[in-house]
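# here's a sequence, model it:
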Amino acid sequence: MAQESVGTEAWCLLLQTRAGTSPAPTSMLKLGLTGSIAVGKSFVLGVLAELGCRVLDADVTARQVVAPGTPGLKAVVEAFGSEVLRGDGTLDRARLGAIVFADETKRQLLNSNLHPFIIAAQDDQIRTWQRETPDGVAVVDAALMIESGGYRRFDKLIVVHCRPEVQLDRLIARDGLPPEEAARRIAAQMPQAEKIKFADFLIDTSEGFDSARAQTEAVFRELKVLPDKR
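Residues are numbered from 1 along each chain as shown. Model (predicted):
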């Protein structure tokens, strides 16, 4: 694995939530947004934010729970040692990423240490949104939502996908990876065809931004007229 900074999508893969935690008590429509690496989830999340949804990127939460002085960072250091820290006391994501991407057991250890903190932060945010806009729509973007079972916490699931060759080209261009490394990272995930089976709504980004935006807007219109928002 390259030793430069771990990409946003890759980092999300390390820190996603697992099943078995109750969702925040809220009457908001809660949406899960997921998809494989480099399929365009961030773009779709941005469009949903423009349309008025309250959005939460799991990578942002993952960074917050390992900020200096947090219980999350303490848990990581206890599990992996102080060598995963930079000189200023912040988490060295590249070093930690190199450790856990090379060892599935260590990746599972990282997830098990951090998922309670991530879940709690997400639920706190949803509770805040519920107080502010009780009739609103909350969207949580998480890369491993299906694999972990975390999608069950949400009322509806949106799966973003694209053609495999488009995905590969995007990942190579985005992260500057050799084709074989990009293909390896894609192959390490659940196939897109499997994720699609879990979807309530699908957004295909293969044809670019304009098409993806139009599909996202169409999904949003459908969500707004759901009976009892469920």
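# so what's the most centrally placed residue in the chain closest to, chain neighbours aside?
Nearest to the geometric centre of the chain sits Ala142, at 2.1 Å (C-alpha atoms, centre = their mean). Excluding the flanking residues, the one nearest Ala142 by C-beta to C-beta, 6 or more residues apart in numbering is Ala58, at 4.2 Å. Every C-beta, even on glycine, is put in place using the N, C-alpha and C of the backbone.
# show me what counts as buried in stretch 102-114.
Lys106, Arg107, Leu109, Leu110, Asn111, Asn113, Leu114 (16 or more other C-beta atoms under 10 Å).
# do stretch 69-85 as well
Those would be Gly72, Leu73, Ala75, Val76, Val77, Phe80, Val84, Leu85, for stretch 69-85 by 16+ other C-beta under 10 Å.
# for that stretch, list the C-alpha coordinates in CSV.
The C-alpha coordinates for stretch 69-85 follow below in CSV (Å, rounded to 0.1, in the frame of the first residue of the first chain):
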residue,chain,number,x,y,z
GLY,A,69,-7.5,13.8,23.6
THR,A,70,-10.5,11.7,22.6
PRO,A,71,-11.4,8.2,24.0
GLY,A,72,-11.3,6.9,20.4
LEU,A,73,-7.7,7.9,19.9
LYS,A,74,-6.8,6.4,23.3
ALA,A,75,-8.4,3.1,22.2
VAL,A,76,-6.4,3.1,19.0
VAL,A,77,-3.1,3.7,20.8
GLU,A,78,-3.9,1.0,23.3
ALA,A,79,-4.6,-1.5,20.5
PHE,A,80,-1.8,-0.6,18.1
GLY,A,81,0.9,1.3,20.1
SER,A,82,2.2,4.8,20.1
GLU,A,83,3.9,4.3,16.7
VAL,A,84,0.6,5.1,15.0
LEU,A,85,0.9,8.7,16.4
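# what about it, distance to the chain center?
22 Å (C-alpha atoms, centre = their mean, to the nearest Å).
# ok, of the buried residues of stretch 69-85, which one's closest to Leu177?
Closest approach between the buried residues of stretch 69-85 and Leu177, by C-beta to C-beta: Val84, at 22.7 Å.
# tell me how far that closest one lies from Asp135.
From Val84 across to Asp135, the span is 43 Å (C-beta to C-beta, to the nearest Å).
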